[in-house]
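> Provided below for reference: sequence and predicted model.
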Amino acid sequence: MNFMNSAVNFFKDGGVFLYPLALIFVVGVSIAIERYVYLTRETIRNRSLWDSLVPALSAGNFKQVVGLTHNSKASIATILNYGVARVASARRRDDIEKAMDESLLEVIPRIEKRTHYLSSLANVGLLIGLLGTITGLIGAFSAVATANPAEKASLLAAAISVAMNNTASGLFVAITLLLSHMFLESKTTALIDSLEIASVKFLNSITERTSETREPAAPVPATAVRAPAAARGSI
């Protein structure tokens, strides 16, 4: 109860600008939680799928690879599906690589979605807190200028309380959302890097298996090359 009373009094003393600050904070925290859950789930899915794919790739069993990727909703499955679909028709490594790069362009925006809002909300929250601070200071100077001498101290204290509450709230919102943004950015970068590494390993595995299946042409004996010339000479 003491905490609730303190929070209510804080909002009463802080003025109207604390309400948009509270809304920004709730929206930002909701985005941060949703992104954390999504990135954690994707990381676990990708790691689990890749651990299942490694034995199949090592054995060159691409049918098993296709079965695993088509039955998975992980981001890495989307990328590998593009590569597998292009293997049958592509003649060069570059063609498969371009297909997988195309899939990355589809996957990366989903991974980075809404994370950049946190930095924007942090900046807006800081500016709103600054606006509330300036408004409180203006009220403080107005109170000193127009109030009765007996009331000046109490009015000045109330106006300064409004200013300081807005300053503290703006800084708290900005610091919390910026730290959340930094953490989620590092988690997003790690996930994207793991997808790129997995796509390169998959591409190298396909290239190695393709080169192994190509049988080198048998060398033509030198006597077989000279035989037609000798035959023409006999004619």
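Thanks, I have the structure now. These numbers come from a predicted model, not from an experiment.

> Run through the chain and note the low-pLDDT ranges.
When the per-residue scores of the chain are filtered using pLDDT under 70, the ranges that remain are 1, 3-14, 88-91, 143, 146-147, 149-151, 209-235.

> And the helices in it?
2-14, 18-59, 62-70, 75-87, 93-112, 117-146, 149-213, 222-234 (DSSP state H).

> The third one vs helix 75-87, what angle?
When you say that, I think you mean helix 62-70. Using axes from the mean of the first three to the mean of the last three Cα atoms, to 10 degrees, one finds that helix 62-70 and helix 75-87 are set 140 degrees apart in direction.

> If you count contacts, what does helix 62-70 end up packed against?
In this structure, helix 62-70 packs against helix 18-59, helix 75-87, with contacts taken as 3 or more Cβ pairs under 8 Å, 6 or more residues apart in numbering; DSSP states H and E. Using the backbone N, CA and C atoms, a C-beta is placed for each residue, glycine as well.

> Could you give me the buried positions within stretch 192-211?
Under the neighbour-count criterion of 16 or more other Cβ atoms under 10 Å, stretch 192-211 has 192, 194-195, 198-199, 202-203, 205-206 buried.

> ok, residues contacting it?
Here stretch 192-211 makes contact (Cβ atoms under 8 Å, 6 or more residues apart in numbering) with 43, 46-47, 50, 53, 57-58, 60, 62, 75-76, 79-80, 83, 87, 93, 96-97, 100, 104, 107-108, 111.

> and with 6 Å instead?
50, 57, 60, 76, 79-80, 93, 97, 100 (Cβ atoms under 6 Å, 6 or more residues apart in numbering).

> Kindly report the same for stretch 82-101.
Contacting residues not belonging to stretch 82-101 are listed as 66, 79, 103, 199, 203, 207 [Cβ under 6 Å, 6+ apart].
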